[in-house]
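K.L.:
just coords:
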């Protein structure tokens, strides 16, 4: 399987962060570009890749739904194997990408996980939780999540019983893309910058 990567940051960086896209947007979406550039500016080597269904879209332009979970999990494992030294690798991504990373982290033996807007449940379906594995996570994990994210509110998340290894950075007035209402005094750009600072501190703490 051939993996096409986008790399940002210095090639000789001591730490690589592997980021995956969400369900609907590619690895070079504006959100992903801004996040990768910010982390690269902190001195990290940032690697991005695409799941098979998104790679196909790039070829023929046809929108497809995400691959089934076994394909997503297998692909993530292949990518980590290709990058090598998983014990030095922090993996994660936007929404679905972060969720898959959290699902494979313990098995792959990576250093840490970073989730950018975790889909705790589908919008409007708080009973359909995707949190079981987060209650037993062994790998240090940081979830950056907007306080207005319809995939899980602060009050809901507080009752999920997440493992002690899972920490949260709440994005002020942020939606699923960290965008904020003008009246809040916050901006998407500022929220992304704060999330980058939180990720930087988290990665340093896992060392």
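P.N.:
Arrived safely. The structure displayed is predicted, hence computed values, not measured ones. Numbers count the residues shown, from 1 in each chain.
K.L.:
Find the least confident helix or strand in this structure, judged by mean pLDDT.
P.N.:
Across the helices and strands of the chain, mean confidence by mean pLDDT, DSSP states H and E is lowest for helix 52-60: a mean of 92.
K.L.:
how would you label the residue nearest to residue 92 when sequence neighbours are not counted: helix, strand or coil?
P.N.:
Nearest residue to residue 92 in three dimensions, chain neighbours excluded: residue 114, at 3.4 Å (C-beta to C-beta, 6 or more residues apart in numbering). The way it works is simple: take the backbone N, C-alpha and C, and place the C-beta from them, glycine included. Here residue 114 is recorded as strand under DSSP: H, G, I helix; E, B strand; the rest coil.
K.L.:
Next one: residue 114 relative to residue 198, how far apart?
P.N.:
Per C-beta to C-beta, to the nearest Å, residue 114 is found 9 Å from residue 198.
K.L.:
just to revisit the earlier point, return the set of buried residues in the helix or strand that the least confident helix or strand of the chain is followed by.
P.N.:
Sequence order places helix 69-83 as the next helix or strand after helix 52-60, per DSSP states H and E. For helix 69-83, a neighbour-count test (16 or more other C-beta atoms under 10 Å) marks 72, 73, 75, 76, 79, 80, 83 as buried.
K.L.:
Turn those into a markdown table, including pLDDT and distance to residue 99.
P.N.:
A markdown table is the format used below for the buried residues of helix 69-83 (pLDDT from 0 to 100; distance: C-beta to C-beta, whole Å):
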| residue | pLDDT | distance to residue 99 |
| --- | --- | --- |
| 72 | 96 | 9 |
| 73 | 96 | 11 |
| 75 | 95 | 14 |
| 76 | 94 | 11 |
| 79 | 96 | 15 |
| 80 | 95 | 16 |
| 83 | 93 | 20 |
